[in-house]
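Asks: Predicted model follows, preceded by the sequence.
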Amino acid sequence: MRRALKLLAVLVLVSTLFSSAACSKVKEMKETQGSSPKNLQKKIVLGFSQVGAESDWRTANSESIKAAAREEGIELLFLNAQQKPENQVKDIRSFIVQQVDVIAFSPIVESGWDTVLKEAKLAGIPVIIMDRGIDTKDESLYETYIGSDFTEEGRKAGKWLLEKIGKSNEKVNVVELQGTFGSAPTNGRRDGFQEIIRGNPNIRIIRSLTGDFMRSKGKEIMEKFLKVEGDQIQVVYAHNDDMALGAIEAIEEYGLRPGKDIKIISIDAVKAAFEAMKAGKLNCTVECNPLQGPALMKAVKDLMEGRPLPKRIVIDEGIFPEETAEKEAVNRKY
Ligand code: GYE
């Protein structure tokens with residue numbers, strides 16, 4: 001009995017020593033990567049948790065991340081959270097368990113990340129926020145945020161409306177198709193647009209609902225708006241092109257002409273929006289650039305090689321009114 005106990009104690013000791021040696025080995029590998037990029041033995045492993053596959057923008061964004069990782073020789077663990085924040089928490093935890101080198105994610109909603117980000121910090125894994133921002137008091141929980149200025153996008157949409165339609169003295173009723181509730185692009189695009197149209201008392205948002213950035217839901221909401229407001233609607237402001245395209249279908253089925261009887265402004269500037277503008281069904285789209293893969297991989301490499309990162313990396317963007325569609329359509333990559 002005594003002998004058996006002794007043997008057990010030795011086994012426990014050996015396995016503890018072994019696992020702590022294994023741990024320091026992993027740490028060592030990460031440190032080697034950090035200090036001398038040229039001696040990279042092991043590929044950098046990046047865990048990325050994506051929002052979902054809700055829009056053309058998202059498809060282009062996912063492709064850009066995958067292509068850039070391939071190009072840079074970074075091993076990418078890519079997970080799709082299917083628009084559920086709780087899935088993203090699970091994704092991040094699984095990346096921590098797998099001891100990836102860097103975690104990046106596009107947060108579905110703005111708040112609720114502190115606990116899981118603290119877990120990543122405790123595990124010594126740096127986090128990059130991409131595309132959608134987060135709301136936190138503790139900025140040490142992430143290294144950098146790479147993404148667009150959503151409030152500015154909303155302002156651009158508002159300015160276009162003021163210039164094009166707001167000049168006449170007639171009342172302009174706007175219906176708003178919002179993106180995912182609680183997400184950074186929804187909040188920014190809503191606030192930026194409101195800030196600008198506030199300057200003109202004739203422009204009023206009469207209805208607003210969330211369509212989750214999806215074409216099918218954009219169509220559903222527009223059907224509802226048309227049912228209650230009928231031809232009292234002069235303008236649709238959609239937080240993305242996919243919902244605008246859904247709204248276009250609803251307007252046509254209702255018997256009105258999108259782009260003419262009802263003006264439509266949206267955000268993203270994906271290829272399909274240019275086709276709709278060329279057909280005269282969409283009036284303006286504000287650019288939101290999804291090709292963020294190269295910027296993400298550069299940030300990952302900078303981090304691993306110990307270079308400091310700015311806290312915010314903003315993507316440059318433009319605006320495309322219908323008059324530019326014909327010329328610009330050929331240049332669109334997504
Ligand atoms: O505008 C929309 C997508 O987070 C900026 O998410 C992104 C938004 C984009 O579903 O189409």
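Replies: Great, that's in hand.
Asks: Quick check: residues of the chain near the ligand?
Replies: 54-55, 57-58, 131-132, 185, 213, 240, 242, 267-268, 288 (C-beta under 6 Å from any ligand atom). Using the backbone N, CA and C atoms, a C-beta is placed for each residue, glycine as well.
Asks: where does the residue lying closest to Ile129 once chain neighbours are set aside fall, phi/psi-wise?
Replies: Of all residues not flanking Ile129 in the chain, Tyr145 sits nearest, at 4.3 Å (C-beta to C-beta, 6 or more residues apart in numbering). The phi/psi pair for Tyr145 (degrees, to the nearest 10) reads phi -120, psi 120.
Asks: picking that back up, counting neighbours, which of the residues of the chain next to the ligand comes out on top?
Replies: Among the residues of the chain next to the ligand, the one with the most neighbours (other C-beta atoms under 10 Å) is Asn240, at 34 neighbours.
Asks: The residue most central in space within the chain bridge partners, please.
Replies: For the chain, the residue nearest the mean C-alpha position is Asp131 (3.7 Å; C-alpha atoms, centre = their mean). Beta-bridge partners recorded for Asp131 (DSSP bridges): Gly147.
Asks: With Ile264 instead?
Replies: The partner residues for Ile264, given DSSP bridges, come to Val236.
Asks: Could you count how many residues lie near it?
Replies: 28.
Asks: tell me the helices in the chain, going along the chain?
Replies: Here the chain has its helices, by DSSP state H, at 2-35, 56-72, 85-97, 114-122, 150-164, 184-197, 215-229, 241-254, 271-278, 293-304, 325-329.
Asks: List the buried residues of stretch 263-280.
Replies: Using 16 or more other C-beta atoms under 10 Å as the test for burial, stretch 263-280 gives 263-270, 272-274, 276-277.
Asks: can you name the two of those that are farthest apart?
Replies: Greatest spacing in these, by C-beta to C-beta: Lys263 and Val270 (19.2 Å).
Asks: Next up, the contacts around Asn200.
Replies: By C-beta atoms under 8 Å, 6 or more residues apart in numbering, the contact set of Asn200 is 162, 166.
Asks: give me phi/psi at it?
Replies: Torsion angles at Asn200 (phi, psi; degrees, to the nearest 10) stand at phi -130, psi 110.
Asks: Could you measure from it over to the ligand?
Replies: From Asn200 across to the ligand, the span is 25 Å (C-beta to the nearest ligand atom, to the nearest Å).
Asks: Check Glu223 too.
Replies: According to C-beta to the nearest ligand atom, Glu223 stands 20 Å off from the ligand.
Asks: For the nearest residue to Ile313 once chain neighbours are set aside, which residues are in contact?
Replies: Ranked by C-beta to C-beta, 6+ apart and with sequence neighbours excluded, the top spatial neighbour of Ile313 is Ile146, at 4.4 Å. Ile146 is in contact with 128-131, 292, 295-296, 299, 313, 315, counting by C-beta under 8 Å, 6+ apart.
Asks: and with 7 Å instead?
Replies: 128, 130, 292, 295-296, 299, 313 (C-beta atoms under 7 Å, 6 or more residues apart in numbering).
Asks: where does the stretch 201-334 of the chain dip in pLDDT?
Replies: The model of the stretch 201-334 of the chain has no residue with pLDDT under 70.
Asks: Between the buried residues of stretch 263-280, which sits nearest the ligand?
Replies: Each of the buried residues of stretch 263-280 was scored against the ligand by C-beta to the nearest ligand atom, and Asp268 proved nearest at 4.9 Å.
Asks: Surely that closest one and Cys288 touch.
Replies: Yes. Asp268 lies in contact with Cys288 (C-beta atoms under 7 Å); the separation is 5.0 Å.
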